[in-house]
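>>> need a 3D model of the sequence below.
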Amino acid sequence: HTVTVSTTAAATTLIFSASGATLTVNAPLTISGTLTLNNIAASSTTGTINGTKEVSVAAIAVGNGTVPTGDRTHTLALTGTNVITCSGNLTVASRVGSPTSRNANGTLSLQTANLIVNGSMVTTNTNANSVSTITMAAGGQSGTLQLGGATPWNLSGTGTSTITLNGTTAVVDYNSSSAQTVLGTTYTTLKINNTNTSGTFLGASSIVSGLIIGDVAASKLNLSTKAFTNTGTTSVTGTLEDSSSTGGNLFTGLITINNNGNWTSTGNSTYEIRGGITNNGTFSAPGTGTYTFNTNSQTIQGASAVNIGRTTVTTVTLTNACTSLTVATLDGTGRLTQNANTTLYVGGDWSIASLTASASGNTIDFNGSGLQTLNSGGGSNSFNNLIHSGAGTIQLLTNGIDINGSFTNSAGIFDCMNLSISIAGNWTNSATF
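Residues are numbered from 1 along each chain as shown. This is a model prediction of the structure:
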């Protein structure tokens, strides 16, 4: 059974009452009430919506509560390129019959359409045996789910709710003007376009293959207390914030902070970075949380300054191509390479294993207010220009230092600890040496 809408149409309700029915929408369709897929007592049923034009509906119900006479399924498949806008809730309902081994389990299969839900995505299970499914990993696996409600997910506390949002090119976009909570699950592309000043909070540990914060600059994602993994690239035009020290975070692809974008980490949580950072906005993470750069050699670059707390480079080479990079401490078994005309500010201890700082005009400035220790690692680890501008004391540790450019001690105390300093350029001392 196929019904085709070929001219602009409106209805109060629309019901799929027989299995195999297809609604093809090739002209705008408005439904002022509920679009319902009835589940059938004696058989499983599937309803399909396809086509190319817009569907506007007040609510969508997958399942109407009919008691099954055996194990049944009812599935609503969205297989067109339509934009389907649901102003209220989309509910997937599953129930059992008598005995309770007779299940009528509902599924929403978002395959290729652009589904906008401005209420909640709801599952309703009547029994512990009930299973309600929402999937974007069937058919074309290229659907888009836009969630505009203040409570984007309202999942049943009974039975099982299976939510699969990581179709091959599937996109999930949280875009309410109210504060939202991101469902903790696996995403292919997760977009945050929430404009509420409280932003969007990560509800549970999540894995994504690509993160976009802000098609609109006012959007915000707070990773909060949850662990977060992005196996793809990250693009921030809004704000990424982490306000908690719990929940480690892994970013394997390039992190790009665009103009007006903000990366702030006020909660001192830990980060593992594998693809580098390009900052053209604001990158401010000056706390005690550790940023570990590992797995791949990578670069920190961009037009704007970068401020990171504790920094560890493990095995790989981290290249500073940023005009101004600030770290609280720098250590690890890897190598730091300073590009030409860059400045690295170090507020705490230095013990990274290897340093390449031969590029013209690069400077490393120790600017801490307390005690700093500097273990150069010896060998060929030579500085270009070295400055001590902090009010505190810097002490050499284990190894002396080689400076191929100039050395300036302009504040505090520089304590050699009876270790050698070799200076090829000018020496300026206006503090205590």
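
>>> now Ser156: how far from Thr73?
Counting by C-beta to C-beta, to the nearest Å, the separation of Ser156 from Thr73 is 17 Å. For every residue, glycine as well, the C-beta is placed using N, CA and C.

>>> quickly list what the residue nearest to Thr2 when sequence neighbours are not counted is bridged to.
In space, Thr2 comes closest to Thr22 once its chain neighbours are excluded; the distance is 4.4 Å by C-beta to C-beta, 6 or more residues apart in numbering. The residues listed as beta-bridge partners of Thr22 by DSSP bridges are Thr2, Thr48.

>>> residue contacts, Thr22?
Thr22 makes contact with His1, Thr2, Val3, Gly47, Thr48, Ile49, Asn50, according to C-beta atoms under 8 Å, 6 or more residues apart in numbering.

>>> residues contacting the closest residue to the fourth one other than its chain neighbours?
Okay, so that is Gly47. Using C-beta to C-beta, 6+ apart and skipping residues adjacent in sequence, the residue nearest Gly47 is Phe16, 3.6 Å away. When the contact criterion is C-beta under 8 Å, 6+ apart, the partners of Phe16 are Leu23, Thr36, Leu37, Asn38, Thr45, Gly47, Leu76.

>>> below-threshold pLDDT in the stretch 101-250 of the chain: ranges please.
Under the criterion pLDDT under 70, no range of the stretch 101-250 of the chain is flagged.

>>> ignore the last one, the stretch 301-433 of the chain
Segments of the stretch 301-433 of the chain classed as low confidence (criterion: pLDDT under 70) are not present in this model.

>>> quick one on the thing from earlier: highest neighbour count among the contacts of Phe16?
Among these, the one with the most neighbours (other C-beta atoms under 10 Å) is Leu37, at 30 neighbours.

>>> pretty sure that residue is touching Thr73, no?
No: taking C-beta atoms under 8 Å as the definition, Leu37 is not a contact partner of Thr73, at 11.0 Å.

>>> helix/strand/coil for Arg310?
Reducing the assignment to helix, strand or coil with DSSP: H, G, I helix; E, B strand; the rest coil, the entry for Arg310 is strand.

>>> and the gap between the residue nearest to Gly47 and Ile401?
For Phe16, the distance to Ile401 (C-beta to C-beta) stands at 76 Å.

>>> swap in Ala353?
For Ala353, the distance to Ile401 - C-beta to C-beta - is 15 Å.

>>> so which of these two has more stuff around it?
Ile401 (21 against 17).

>>> spatially nearest residue to that one, not counting backbone neighbours?
Ranked by C-beta to C-beta, 6+ apart and with sequence neighbours excluded, the top spatial neighbour of Ile401 is Ser376, at 4.7 Å.

>>> what of Gln298?
Of all residues beyond its chain neighbours, the one nearest Gln298 is Gly276 (3.5 Å), with distances taken as C-beta to C-beta, 6+ apart.

>>> got it, and Thr398?
With sequence-adjacent residues excluded and distances taken as C-beta to C-beta, 6+ apart, Thr398 is closest to Asn375, at 4.9 Å.

>>> quick check: that neighbour vs Gly400, distance?
Here the criterion is C-beta to C-beta. By it, Asn375 lies 10 Å from Gly400.

>>> give me the more crowded residue out of these two.
Comparing Asn375 with Gly400 by neighbour count (other C-beta under 10 Å), the higher total belongs to Asn375, at 19 against 15.

>>> so that one touches Trp350, yeah?
Yes: at 6.6 Å, Asn375 and Trp350 qualify as touching, with contact defined as C-beta under 8 Å.

>>> the top strand by length along the chain - contacts with which helices or strands?
Secondary structure of the chain per DSSP state E: the longest strand is strand 282-293. Strand 282-293 makes packing contacts with strand 262-265, strand 271-273, strand 306-313, strand 324-331 when contacts are defined by 3 or more C-beta pairs under 8 Å, 6 or more residues apart in numbering; DSSP states H and E.
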